[in-house]
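Trainee: sequence isn't available, so here's the structure alone:
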Ligand code: GRF
């Protein structure tokens, strides 16, 4: 199968990166991760990428005058890979139009809630405080607003009385690891 090249952006742990890379090992999966970018040179996920022979790149935002200049540099780094899709996976920087206009409808993100509910940070605690009976995760297209673009796929996860933000985040993360590869398949079929 002719696999499409994709890039993954991370800032930390990289468990979603891992699930995507592992999914790519199946010859029927339509993509392969050709590079990983991080704003954080210490992101754990970078080591996993290197061990799997995937190119890694990091850029420290502090060395740039503004987000526009930062993203221009990212675009230069990505160019040689000719990537079809950028998957944000725990990437903590807000993306601006500089990058979005270069990859129209080709940047997606995963968020640990049933969007459009609970955008932003500290999701699980806010969900519990609101006494929701379910939460979940969403993969969506990225626009310049936080966790805002068109939803591609979602999985819901029931909340039990005994759940706290730690147990809920674990359950949802497990669902994320199934959802992200499935959403990549759906997007690349279009
Ligand atoms: C995930 O919960 C994802 O939904 C959110 O950030 C977390 C990243 O986790 N955007 P990991 O780095 O993939 O383990």
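Mentor: Perfect, thanks for sending it. Bear in mind that the values here come from a model prediction, so they are computed numbers and not experimental data.
Trainee: and the pLDDT for residue 145?
Mentor: Among the per-residue scores, residue 145 holds a pLDDT of 88.
Trainee: now the one 4 residues further on
Mentor: Per-residue confidence at residue 149 stands at 94 (pLDDT).
Trainee: give me the neighbour count for it.
Mentor: Counted with other Cβ atoms under 10 Å, the neighbours of residue 149 add up to 17. For every residue, glycine as well, the C-beta is placed using N, CA and C.
Trainee: now stretch 8-15: buried residues?
Mentor: Of the residues in stretch 8-15, those scored as buried under the neighbour-count criterion (16 or more other Cβ atoms under 10 Å) are 8-12, 14-15.
Trainee: an error on my part: the question was meant for stretch 115-133.
Mentor: Judged by neighbour count (16+ other Cβ under 10 Å), stretch 115-133 contains these buried residues: 115, 118, 123-124, 126-127, 132.
Trainee: swap in stretch 172-189?
Mentor: Within stretch 172-189, the residues that qualify as buried are 172-173, 175-177, 179-181, 183-184, 187-188, counting by 16+ other Cβ under 10 Å.
Trainee: same deal with stretch 98-110?
Mentor: 98-100, 102-103, 106-110.
Trainee: looking at these, which are in helices?
Mentor: Assignment to helices by DSSP state H places the following of these there: 98-100, 102.
Trainee: mind putting these into TSV with distance to the ligand?
Mentor: Below are these laid out as TSV (distance: Cβ to the nearest ligand atom, whole Å):
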residue	distance to the ligand
98	21
99	17
100	17
102	22
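Trainee: leaving out sequence neighbours, find the closest residue to residue 44.
Mentor: Leaving aside its chain neighbours, residue 44 sits nearest to residue 13 (5.1 Å; criterion: Cβ to Cβ, 6 or more residues apart in numbering).
Trainee: for the one you found, phi and psi?
Mentor: Note on residue 13: its backbone torsions stand at phi -50, psi -50 [degrees, to the nearest 10].
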